[in-house]
Structure formats: C-alpha cells, structure tokens
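Novice: Next one to model:
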Amino acid sequence: MFFYLSKILWFVADPGNLFLMVLAIGTILLWTRKARFGRGLIAVASLFALVIAVFPVGGTMLAMLEDRFAKPDPMPERVAGIIVLGGALNQFIAKMRGDTAVEIAGGRMAEFVRLANRYPDAKLVFSGGSGSLRDQSVKEADYARPVLRSWGLDTARVTFENRSRNTFENVKFSKSLVRPQSGESWIVITSAFHMPRTIGVFRRAGWNVLPVPVDYQTTGDKSFWQLKFRFRSGMNAFARGVHEWLGLSFYWLTGRTDTLLPAPYPSSTGQGKSG
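Specialist: Numbering: from 1, shown residues only. Sure thing, here's the model as predicted:
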C-alpha cells in the first residue's frame, strides 16, 4: 500500500507535471470567462520557470543532502560486507535492447566493484527489484549480474536481492537474506543525495553501515551559486531535490526513519553505527 501511495502522490507532486498542468489549465481558461484567472496561472508558471532556470534552487536542495555524509577517512581495514542499492541500471531498456543500460547512477556499480576488490573477504549484496508502478516482472538485480561480471567481478560472491521496490524494502529484504550480526561493520553505496534517507532506514533497522556516497550532482564549491539560464537542468535538479525531500518527510512520518534529516555521528569512525 505504501509503495503504491507514494508513486501516486509523486505523480501529482512532480514539479514538471505541476508546471505543465498549471500552464495547460491557464491556456484553456483564456478561452472562457475565466480568462483573467487563466492569465494569472500562465504568469505564475512563467515566473516559476524563470526562477528555476536562473537560480540554483534544485541544486541547493541537492547540495544540502549531498554534503550531509562523507566517505569514511580513512577507510576501515576490514568490513563484513558491502551493499549497493539499485538505481544504476534501466532493466526495461536492457531487456528490450539487450544492453547493459547503465544510467546516471552508474557510479554505484563502479564503486561496488572497486570496493569488492579492496575487500576480497567481504560479503557482497546488490539490492534492486523494480520501482515501476505498472511492471514488476523485470528486476534490476537480474540484469546487474552480467554487468558486474563484465567488469571483472566474481558474481558468485554477490547476493542479488530482486524483490525490493524502494529504499525501505532494499534494507528489509537484504537484511533478511544476509542476516548481518551485531557489531559487524558494513558499507552501503548509493547516490550522495540519497544517502541521508538510506542511512535513516538502515539505522531504524538496526544495521550498522558506513556511508560511501557516489554520483554527486553538485560541485560543492562557490561556482555553484553563479546565476545561469538553464531551464532543463534546473528543472531536473529541482524535481530530483523535491522527490528526495518528500521521500525523507514521508519516511519520517511513517516511522521508516527516526529523524527527518539523519546526520553523521560525532565520531567520523562511527557515523554508520546503529542507534
């Protein structure tokens, strides 16, 4: 129920969908007795588009999330396991095209392979099913195996979890498969802007993880604040930021995390401890 509700709510809340709906309604009203109201809607949509194109609104939202967690420095000498969350592959394209279809989050896969080689004794988990509301028959984990094998990783080491549809289920189903023990240190790999919600879910589940964020969308330096005119990238960043902040809020309100915006623990070596 939670999965379907979140998908429906996001369809309504997606800034791109809202922008198009307001613009369309405003245009239709121009031909009715509500023309004045229609002009107002078009003006609001136009102002919104200008702000998104010029100011780094979405980038600011993402930067707040991406700067929340850093990679452990130094990295631990040993870890019990490494888990990477899905989102790096488009399994539907891979099925139809017969290709790997690595998407923008491909850094998750690259880091997974790199750390797997660094920690040859660690347990490995790839967690990713299908986040599609309409089609649950094609699973990302099933297409991750040949990609990882082509990158030189022995996939016999990897536990592939293919039931999860969202972050909460990534943790729930992976934990039931590998049964991490108390006191074990695990690494979790996901996109930097998605790391706060990920850490919140792991902590709620009592699973000890160290964050290794990848796939940064913002530079983190002052040049980020320069005014630009890029509507497409501005809208993409804004939609991604809204989606993640809504996800954080929804998870907190439904008890999937114990705080709205999870933060690192004071000790740099303990930021993944459960609690």
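Novice: As a check, name the ranges of all helices in the stretch 51-200 of the chain.
Specialist: 57-66, 91-97, 107-118, 140-150, 167-178, 195-204 (DSSP state H, counting those that start in this stretch).
Novice: Least reliable of those by average pLDDT, please.
Specialist: The weakest mean pLDDT among the helices of the stretch 51-200 of the chain belongs to helix 91-97, with a mean of 75.
Novice: which other helices and strands contact that helix?
Specialist: In terms of contacts (3 or more C-beta pairs under 8 Å, 6 or more residues apart in numbering; DSSP states H and E), helix 91-97 is packed against helix 140-150. Heads up, the C-betas are built off the backbone N, CA and C, glycines and all.
Novice: pretty sure Phe160 contacts Pro146?
Specialist: No. If you go by C-beta atoms under 8 Å, Phe160 and Pro146 don't touch, sitting 11.4 Å apart.
Novice: Between these two, point out the one with more neighbours.
Specialist: Phe160 (18 against 12; other C-beta atoms under 10 Å).
Novice: For the more buried one, which non-adjacent residue is closest in space?
Specialist: Ala141 (4.2 Å; C-beta to C-beta, 6 or more residues apart in numbering).
Novice: What of Val242?
Specialist: Per C-beta to C-beta, 6+ apart, closest to Val242 is Pro15, 5.6 Å.
Novice: Just the pLDDT for that neighbour.
Specialist: 93.
Novice: Next, count neighbours for it.
Specialist: Neighbours around Pro15, by other C-beta under 10 Å: 19.
Novice: Next up, the contacts around it.
Specialist: When contacts are counted by C-beta atoms under 8 Å, 6 or more residues apart in numbering, Pro15 touches 52, 235, 238-239, 242.
Novice: Just the ones of those residues in helices?
Specialist: Counted as lying in helices by DSSP state H, out of the contacts of Pro15, are 52, 235, 238-239, 242.
Novice: Name the nearest of these relative to Ser137.
Specialist: For the ones in helices among the contacts of Pro15, the residue nearest Ser137 by C-beta to C-beta is Ala239; the value is 26.8 Å.
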